[in-house]
Every structure is written in structure tokens, then in C-alpha cells.
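Colleague: let's see this in three dimensions:
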Amino acid sequence: MKRIATAILGGTCIVGSLWLGLFWFWSVMVLVALAAQYELFQMLRLRSQPVDLVFSMVAGFCIMLHVVWPYWYAALGVTVLLFVLFLEKGGSERRPMERAANLMLSLAWPVAGLSFLPAVYRLLVHGSQSAFFVMLLLLALVWASDIGAYYTGRTLGRHKLAPRISPGKTWEGAVGGFVAALLLAWGAVASGMVDLSLTHALAFGVIAATIGPVGDLLESVFKRSVNVKDSGTLLPGHGGFLDRFDAFILVAPAYWIYWNVMNILP
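Modeller: Model prediction:
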């Protein structure tokens, strides 16, 4: 029941923010990205890694600002400068190289990756597409791939995909997730729900079903390195924010790159 209640509440927040507009969706994704960053730091601490929570989360917020504020790099530059001065005052005993490396890791993964979700939405809002329904499809493709892979893997799974990283994942599940994403993409176009060509919709389905599992496996590598099952406990019944959004960290930039390379918008 906790898992279902969390899924309903979380889904309502995401879909509701999409409906309200770019700023609201961006605000929700800021909270998601910073929560995921916090969970990453908790895992790093389990490996006795030095982390600077305040500097890193402020820098993470500055990264997210690139969607809504053209001068975001100024705030990020000041934050990084203060961080460097902080390390200099502490001297070598503060393990500056490890602190800087952990800061950069947390900014690249997960914050920068997740920032591309509202960035894609901004492209839609500024173009001629029906932003809400197209963005909803892009999110649903990842969810459909995940659900399809889970149930197909449980019922038909025999051949392990990456047993040393994630023993539960199978090749049969991967195929099931791939088919589920393509079926959803086809159905969305056939029903007229989205103003996309079938080619583009299927391409987004392929991105979700191929890159999404890579993001999931990457998080599994991190969790296995610190011997934890979930990235956190912030989402009852689901673990942490990293557990729920790990696929989007890589899928969102891929969506954005595809959209710009293919020049879908006029």
C-alpha cells in the first residue's frame, strides 16, 4: 500500500506540474535532482569519502538554473570559487582532490542529467508541439520500458543481463521493456494524443528502452560498491529518488540531443 500511495502521489505531482507549466515542472525537478544528489552523498559517506553538502547542493541548484535563468553560470562560478577558497584554507588534510571529484560527480550525475528534463519541456513550450502531451509521452516511455522489463523478466526471464551488477535483470526483460516502449509510442501517435511523426515517436521509444536501462545499471554499480539495496528511504516503498529517476539521468540528455539534432521543432 505504501508503494502504491507513493506512486500515486509522485505521479500526481509530476503530471500536475507538467499541466501547470514549465516553471512548476522545473521546480519539481529541482527538488528531485537535489534529493538524488543528497542520496549520492550518503552513499559516498558509506565509503568514507569526504563530501561538502552545502557547496555541492548550491552548485547543483545553479546547474538547474540554466533552464530558467540565462546568467546561471555566474552563480555557479561564484559557488565554485568559494569552494576552491574553502579547500585552500583547509590545506591538504581536507583531501581536496577527493572533495573536488565528489563535487563534480554529484553535478554531472545526477543533477546535470536531470536538468535536461525541464530543458526538453522548454523546447516544447517554445515550439509548436503540444507540450504537455508530448512531454508526458517522453516520461511515460521510460516508465513503460521499466514496467515491461520488470514483468517480462519475472515471467519469462532466464538469461541474466548483467549478473555481477544487477542479478535480477534479464535479456528477456530488456526485450519486454523495448517492446512496451515501442507499443506505447505507436499507440500515442495512432490515437492522435501527440503531435509527432511515428518515426520520431518510435525513436524516443528506442532511446528510453536502450539508454534507460544503462542508467539503471550505472546506479546499481554505485549501490553495489557501498553494499546497499536502495539509494535512500525518502520514497516509502520505492527506496530513494535515485532509484526512481536513475534512468532519466541519461535518457533526458539523449532526448534533448535527439530533439536538437533532428530539428523537430520549426
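Colleague: let me see the ranges of the strands in the stretch 151-266 of the chain.
Modeller: 160-162, 166-170 (DSSP state E, counting those that start in this stretch).
Colleague: so which of those comes closest to residue 1?
Modeller: Nearest to residue 1 among the strands of the stretch 151-266 of the chain is strand 166-170 (22.8 Å), distances taken as C-beta to C-beta. Quick note: C-beta positions are derived from backbone N, CA and C, even for glycine.
Colleague: and that closest one, how far out from the chain middle?
Modeller: The gap between where strand 166-170 is centred and where its chain is centred comes out at 20 Å by C-alpha atoms, centre = their mean, to the nearest Å.
Colleague: switch the strands of the stretch 151-266 of the chain over to a markdown table; also include distance to residue 242 and mean neighbour count.
Modeller: Shown next, in a markdown table, are those (distance: least, C-beta to C-beta, whole Å; neighbours: other C-beta atoms under 10 Å):
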| stretch | distance to residue 242 | mean neighbour count |
| --- | --- | --- |
| strand 160-162 | 18 | 17 |
| strand 166-170 | 14 | 18 |
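Colleague: with mean pLDDT and distance to residue 185 added, can I get those in TSV?
Modeller: TSV is the format used below for the strands of the stretch 151-266 of the chain (pLDDT from 0 to 100; distance: least, C-beta to C-beta, whole Å):
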stretch	mean pLDDT	distance to residue 185
strand 160-162	89	22
strand 166-170	87	22
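Colleague: could I get those as JSON lines with distance to residue 78?
Modeller: Converted to JSON lines, the strands of the stretch 151-266 of the chain look like this (distance: least, C-beta to C-beta, whole Å):
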{"stretch": "strand 160-162", "distance to residue 78": "41"}
{"stretch": "strand 166-170", "distance to residue 78": "40"}
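Colleague: minimum distance to residue 210: which of those has it?
Modeller: Nearest to residue 210, of these and by C-beta to C-beta, is strand 160-162 at 12.4 Å.
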